[in-house]
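> The following block contains a protein sequence and its predicted model.
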Amino acid sequence: MPEFTVSVGRCGQTNDVVVADASVSRQHLLLAIDSVDSIRLQDRQSAYGSFYWDGQQWQPFQQITLSANDYIVIGKTKLRLMELIIAFQIKTRNGQL
């Protein structure tokens, strides 16, 4: 059972974290966070896909487990997973969920 889950996408009404990029799907990605070293990611059948950096090149994924220091690309936006966690925590603390 994850510590918490975070939905990521373009639509503010249906996601915990919003990425303002037209190439990001409305409901793009779901994170199940067990710890900073164990974050399970699932692409939610996005149009442009989700990619992670394997140390040499960007690799597509449907499901993968990464750490908070890893980088991903959703749509055309490059993100560090820690950025998504921090954005979620700020939104939660501000009572926006």
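Looks like it arrived, so ask away.
> Which neighbouring elements make contact with the lowest-mean-pLDDT helix or strand in the chain?
Using mean pLDDT, DSSP states H and E, the weakest-scoring helix or strand in the chain turns out to be helix 81-93, at a mean of 87. When contacts are defined as 3 or more C-beta pairs under 8 Å, 6 or more residues apart in numbering; DSSP states H and E, helix 81-93 packs onto strand 4-9, strand 17-18, strand 29-35, strand 38-43. Every residue, glycine included, has its C-beta placed from N, CA and C.
> any idea of the mean pLDDT for the first one?
I take that to be strand 4-9. In this model, strand 4-9 has a mean pLDDT of 93.
> Now do it and strand 38-43, the angle between them.
With axes from the mean of the first three to the mean of the last three C-alpha atoms, to 10 degrees as the basis, strand 4-9 and strand 38-43 are set at 30 degrees to each other.
> Partner strands of strand 4-9 and their direction?
Strand pairing for strand 4-9, determined by DSSP bridges: strand 17-18 (parallel), strand 29-35 (antiparallel).
> now what about the shortest one, what contacts it?
Looking back up the chat, that one is strand 17-18. Here strand 17-18 makes contact (C-beta atoms under 8 Å, 6 or more residues apart in numbering) with 6, 7, 8, 9, 10, 11, 12, 84, 87, 88, 91.
> Stretch 44-55 now?
Here stretch 44-55 makes contact (C-beta under 8 Å, 6+ apart) with 9, 23-25, 27-30, 41, 43, 58-62, 64, 66, 70-76.
> Can you go through those and name the buried ones?
Buried members of these, counted by 16 or more other C-beta atoms under 10 Å: 9, 23-25, 27-30, 41, 43, 61, 64, 66, 70, 72-75.
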